[in-house]
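Q: structure for the following, please:
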Amino acid sequence: MKITAAISRHNFYSLIWHASFLAFARNFIDVDTIIPSMLVDAGSKSVQIGIMTAIMLGGATFTQLIFAPFISNYSYKKPFLLMGINARILALLALGLMLFFSSSLKGSHVVWLIFILITLFSLGGAFANISYTDILGKSILQDSRKSFFSIKQVITGSILFVSALLAKKVLTLHNYPVNYAHMFLIGSGSLLLASLGFWNLKEKVHSRLSIRNPVHFFNLVKKELKENKRLLSYLGWINTQGVSIALLPFVILYAKEHFQTESTQTGTYLLFKVIGSVTTGLLLFILSGRFKYRYLLYINTFLAVTLPGMMLLFSHQPPFFLVFLTGGVVFALFGITLNGVLLEVSGTSNRALYTGIAGAGSIIPALFPLLGGWLIKQYGFQLFFFTFIAVVLSSLFFIQKLNCKK
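A: Next comes the predicted model:
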C-alpha cells in the first residue's frame with residue numbers, strides 16, 4: 001500500500017516527538033560518559049568497562065539476528081517497537097531505584113545488578129530498532145528521509161543542550177550513588193513520554209517477508225549476501241568505522257584513572273559532546289539537499305582517527321574537552337549515516353531482515369571493547385589507541401566499495 005503525503009507528514013511529526021524526548025533522556029543515560037563514569041565510581045576496572053561497552057554498543061545488536069526472523073513474519077511491527085521501548089523504560093526505572101537502595105547491598109551485588117539492568121536496557125533497544133528501521137522506511141516518503149535525519153538533530157538540538165546542562169547539575173547535587181539514581185529515574189520518565197510518539201504512529205502495511213524456520217532464515221541471509229554486494233561492503237564498514245563510537249567510555253576511564261576527574265568534569269565532557277553533535281546536525285540540515293553519504297563516511301573516518309591521536313600527542317595533558325567535542329561530531333555522523341546508508345542498501349520488503357543482518361554482523365564493534373579492556377589491563381592505553389586507529393582506517397576500503405549515490 002502506497003504511503004500518502006498526509007500519512008508521511010503525520011508520522012514525521014510523531015517520530016520527531018519521540019526523538020525530542022529521547023534527546024532529553026539521552027544525556028541522563030549517556031553510554032559514553034554517564035554509564036562508564038557510574039561503573040568506575042562503583043568500583044569497575046578496564047575489563048568490566050570493556051564488557052559493558054561491548055554490551056551497550058555491539059553485543060546487544062548481535063541479538064538482532066535472533067529477533068529479525070521472528071519480527072519479519074509480521075506485517076505490523078508497531079507492537080514490537082512498543083515492547084522494546086517499554087523494556088528500556090522499566091530497566092531504567094529499576095536501575096534508579098536499585099541505586100537509591102544500594103547502601104543495603106554488597107558492592108559486588110550492585111555491580112552485577114547494574115550489568116543485568118543495563119543489558120536488559122540494551123536488548124530492549126536492539127529489539128525495538130528492527131521495528132523502528134522498518135517502520136521509518138515505509139512510513140516516511142523517501143524524499144523526506146534526509147531531511148528527517150538532519151532536522152531531527154536540529155529540532156532536538158536545543159533539548160539536548162538544555163538536558164546536558166541539567167544533567168551536569170544533577171550529577172553535582174549529590175554524591176554517588178544518589179546522583180546517578182536521579183539521572184536514571186529522569187531518563188526513565190523521559191523515555192515514557194517519548195514512547196507516546198510511537199503510540200501515535202500510523203503504520204502502513206507492505207508485503208511482509210515470510211520466514212518459515214531458522215534454516216530458511218539463514219538461506220535468505222546467504223542469498224542476500226550473494227546477490228547484494230553492497231550489503232557486504234556495508235557490513236565491512238560497520239565492523240571497522242563502527243568501533244569509533246566505542247572509544248569515549250575508555251577516555252572516561254583514562255581521565256578518571258590518570259587525572260582523577262570528578263562528576264563535575266564528567267558533566268562538562270557530556271556538554272561538549274552534545275555541542276559537537278548538535279552543531280553537526282544543524283550543519284547537515286542546512287546542507288541536506290547537497291551532501292552525499294560517501295563524503296560523510298570519509299570525513300568521519302578522519303575525525304575518528306584524530307580522537308586517539310590527540311590522546312597520544314598530548315599524553316601529559318590531553319585536551320579532553322576537544323576530544324569529547326570531536327567525539328560528539330563522530331557520534332552524530334555515524335548515527336546519521338548508519339540508518340541512511342542502510343535505507344539506501346535495503347528494499348521495502350527486506351528492511352527488517354537487513355537490520356537483523358547488520359546488527360548480527362557487527363562482530364568487531366561487539367568484541368573490540370572486550371579486546372580494548374584486555375589491552376589496557378595488560379599493556380596500557382597506548383597500544384589500545386594504536387589498535388583503534390588501525391581498525392578505523394581500514395574502513396576506507398569498504399567506503400570506496402559502498403559507492404553511495406545519495
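
Q: number of nearby residues for residue 264?
A: Using other Cβ atoms under 10 Å, residue 264 has 11 other residues around it. Placement of C-beta: from N, CA and C, glycine included.

Q: elements contacting whichever strand or helix holds it?
A: Per DSSP states H and E: residue 264 is located in helix 263-286. Under the contact definition 3 or more Cβ pairs under 8 Å, 6 or more residues apart in numbering; DSSP states H and E, helix 263-286 sits against helix 34-41, helix 145-155, helix 157-173, helix 248-259, helix 320-345.

Q: can you say which of the ones you listed is nearest to residue 84?
A: When the helices and strands packed on helix 263-286 are ranked by proximity to residue 84, the top entry is helix 320-345, at 16.0 Å, counting by Cβ to Cβ.

Q: what angle separates the closest one from helix 263-286?
A: Helix 320-345 and helix 263-286 are oriented at 40 degrees to each other (axes from the mean of the first three to the mean of the last three Cα atoms, to 10 degrees).

Q: buried sites along helix 320-345?
A: 320, 323-345 (16 or more other Cβ atoms under 10 Å).

Q: quick one: low-confidence ranges for the stretch 151-300 of the chain?
A: With pLDDT under 70 as the threshold, the stretch 151-300 of the chain has low-confidence stretches at 153-154, 205-214, 217, 263, 288-290.

Q: ugh, wrong one, I meant the stretch 1-150 of the chain
A: In the predicted model of the stretch 1-150 of the chain, residues 1-3, 57-66, 68-70, 72-75, 107-108, 140-150 satisfy pLDDT under 70.

Q: can you give me the helices for it?
A: In the stretch 1-150 of the chain, the segments counted as helices under DSSP state H, counting those that start in this stretch are 5-26, 34-41, 46-54, 60-62, 64-72, 78-100, 107-139, 145-155.

Q: out of those helices, which comes closest to residue 374?
A: helix 46-54 (6.5 Å).

Q: and the closest one, what does it pack against?
A: Here helix 46-54 touches helix 34-41, helix 107-139, helix 248-259, helix 363-379, going by 3+ Cβ pairs under 8 Å, 6+ apart.

Q: what comes into contact with that helix?
A: Residues outside helix 46-54 that contact it (Cβ atoms under 8 Å, 6 or more residues apart in numbering): 31, 35-36, 39-40, 44, 111, 115, 118, 246, 249-250, 253, 366-374, 376-377.

Q: circling back to that earlier point, dump the helices of the stretch 1-150 of the chain to JSON lines, plus distance to residue 394 and mean neighbour count.
A: JSON lines is the format used below for the helices of the stretch 1-150 of the chain (distance: least, Cβ to Cβ, whole Å; neighbours: other Cβ atoms under 10 Å):
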{"stretch": "helix 5-26", "distance to residue 394": "29", "mean neighbour count": "19"}
{"stretch": "helix 34-41", "distance to residue 394": "25", "mean neighbour count": "24"}
{"stretch": "helix 46-54", "distance to residue 394": "19", "mean neighbour count": "23"}
{"stretch": "helix 60-62", "distance to residue 394": "20", "mean neighbour count": "24"}
{"stretch": "helix 64-72", "distance to residue 394": "23", "mean neighbour count": "21"}
{"stretch": "helix 78-100", "distance to residue 394": "32", "mean neighbour count": "20"}
{"stretch": "helix 107-139", "distance to residue 394": "25", "mean neighbour count": "20"}
{"stretch": "helix 145-155", "distance to residue 394": "26", "mean neighbour count": "20"}
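
Q: so which of those helices is nearest residue 182?
A: helix 78-100 (7.4 Å).

Q: what angle separates that closest one from helix 5-26?
A: 10 degrees.

Q: quick revisit: kindly give a single ChimeraX line that selects the buried subset of the contacts of helix 46-54.
A: In ChimeraX, this line selects whichever of the contacts of helix 46-54 come out buried by 16+ other Cβ under 10 Å:
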select :31,35,36,39,40,44,111,115,118,246,249,250,253,366,367,368,369,370,371,372,373,376
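
Q: against residue 161, how distant is the residue of the chain most remote from its centre?
A: In the chain, residue 104 marks the outermost C-alpha relative to the chain mean, sitting 32.9 Å out by Cα atoms, centre = their mean. Residue 104 sits 37 Å away from residue 161, taking Cβ to Cβ, to the nearest Å as the criterion.

Q: ditto for residue 393
A: From residue 393 to residue 161 the distance is 32 Å (Cβ to Cβ).

Q: next one: residue 124
A: 27 Å.

Q: and for residue 395?
A: Look at residue 395 and residue 161: by Cβ to Cβ, they are 30 Å apart.

Q: higher neighbour count, those two?
A: Taking neighbours as other Cβ under 10 Å, residue 395 and residue 161 compare with residue 395 leading, 25 against 17.

Q: that one against residue 301, yeah?
A: Yes. The pair residue 395 / residue 301 is scored as a contact, 5.4 Å apart, by Cβ atoms under 8 Å.

Q: shared neighbours, these two?
A: Common neighbours of residue 395 and residue 301 (Cβ under 8 Å, 6+ apart) are residue 241.

Q: so where's the stretch 301-406 of the chain shaky on pLDDT?
A: In the stretch 301-406 of the chain, residues with pLDDT under 70: 347-353, 355-356, 359-361, 405-406.

Q: just to revisit the earlier point, so which of the helices and strands packed on helix 263-286 gets nearest residue 215?
A: The nearest among the helices and strands packed on helix 263-286, by Cβ to Cβ, is helix 320-345 at 24.6 Å.

Q: which helices and strands sit right next to the closest one?
A: helix 107-139, helix 145-155, helix 229-241, helix 248-259, helix 263-286, helix 293-313, helix 351-360.

Q: mind putting the helices and strands packed on helix 263-286 into a markdown table with distance to residue 239?
A: As requested, the helices and strands packed on helix 263-286 are exported to a markdown table (distance: least, Cβ to Cβ, whole Å):
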| stretch | distance to residue 239 |
| --- | --- |
| helix 34-41 | 22 |
| helix 145-155 | 22 |
| helix 157-173 | 28 |
| helix 248-259 | 19 |
| helix 320-345 | 12 |
